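>>> for reference, the sequence and a predicted model appear below.
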Amino acid sequence: MNVDYKALCVDLFGTDDVSELRKIAKKIDYNRNAGRKHKFTQAQVNEIEKLLEQGVTMESVAKLYGTSRQIVDKYVNHPPQKGYTLRMMYMNGQKTCTIIDVDFTNERVLIKNRTDDMLHRAFGVIENPTWEQFREFLADRCFPKTRGNLKSLLKELDIDSYDPLQIVEKTKGRTADDNLWIKFKYYHQRRVENADD
């Protein structure tokens, strides 16, 4: 099939002049990423969070609202509160089930569940886990300390001693029992200015 590209250009752009077509292309390229960001109202953010809790994927929500996953993520995943330097996303496939913020200094944990399915929540029915419950959660997501080939497993993971957090970081908390896994994101500790300094 032969295509008359000059006629096609005239039909699409109103000209077949090369310099005019370059100007049009430059204008389109300039405007494509002009920096306009999609803005959501609080009501829309609430709707989005509800959809995510019901199991709708981030990608589907982004398509529904005509934006990108990154923009949706910025609206629903705020940085952790001061003092919380680790965020763990407990995942079922590509769906975030529980967001876990960790403050190691004060041994505190904050969670936000994104599913009603208790079996896919990091702490089940528990809404305010203690530090000990967080440690138990980590231990449940890695091989037991009593494992026969423990030393060779630790060596394989390049870990010096049995530390559930390090093990879970290396293995992403995957076990043979389910499809659940963990994403990690560390945040820099925000400095508190001391007036006496």
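Here it is on my side, so go on. Residues are numbered from 1 along each chain as shown.

>>> okay, CA-based contacts and neighbour counts for the rest of this
Noted.

>>> please determine how far the spatially closest residue to residue 86 that is not a sequence neighbour is located from residue 72.
Nearest non-adjacent residue to residue 86, counting by CA to CA, 6 or more residues apart in numbering: residue 186, 4.5 Å away. Here residue 186 is placed at a distance of 20 Å from residue 72 (CA to CA, to the nearest Å).

>>> and these two? Which one has more around it.
residue 72 (21 against 13; other CA atoms under 10 Å).

>>> hang on, the more buried one is in a helix, isn't it?
Yes: looking at residue 72 with DSSP: H, G, I helix; E, B strand; the rest coil, it is inside a helix.

>>> only the buried residues of the top strand by length along the chain, if you could.
In terms of residue count, the longest strand belonging to the chain (DSSP state E) is strand 95-103. Using 16 or more other CA atoms under 10 Å as the test for burial, strand 95-103 gives 95, 96, 97, 98, 99, 100, 101, 102, 103.

>>> need the residues you listed in CSV with distance to residue 41 and pLDDT, can you?
Below are the buried residues of strand 95-103 laid out as CSV (distance: CA to CA, whole Å; pLDDT from 0 to 100):
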residue, distance to residue 41, pLDDT
95, 23, 88
96, 22, 89
97, 24, 93
98, 24, 95
99, 23, 94
100, 25, 96
101, 25, 96
102, 29, 96
103, 30, 95
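
>>> tabulate those in JSON lines, adding columns for distance to residue 59.
Formatted as JSON lines, the buried residues of strand 95-103 follow (distance: CA to CA, whole Å):
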{"residue": "95", "distance to residue 59": "10"}
{"residue": "96", "distance to residue 59": "12"}
{"residue": "97", "distance to residue 59": "15"}
{"residue": "98", "distance to residue 59": "18"}
{"residue": "99", "distance to residue 59": "18"}
{"residue": "100", "distance to residue 59": "21"}
{"residue": "101", "distance to residue 59": "23"}
{"residue": "102", "distance to residue 59": "27"}
{"residue": "103", "distance to residue 59": "30"}
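
>>> spatially, which two of the residues you listed are the most separated?
Farthest-apart pair in the buried residues of strand 95-103 is 95 and 103; separation 23.9 Å (CA to CA).

>>> helices of this protein, start to end?
For the chain, applying DSSP state H gives helices covering 5-13, 18-32, 42-53, 58-64, 69-76, 131-140, 150-157, 164-171.

>>> that older thread, and the longest strand of the chain, how far from the chain's centre?
Strand 95-103 sits 9 Å away from the centroid of its parent chain (CA atoms, centre = their mean, to the nearest Å).

>>> who are the packing partners of that strand?
strand 86-92, strand 108-113 (3 or more CA pairs under 8 Å, 6 or more residues apart in numbering; DSSP states H and E).
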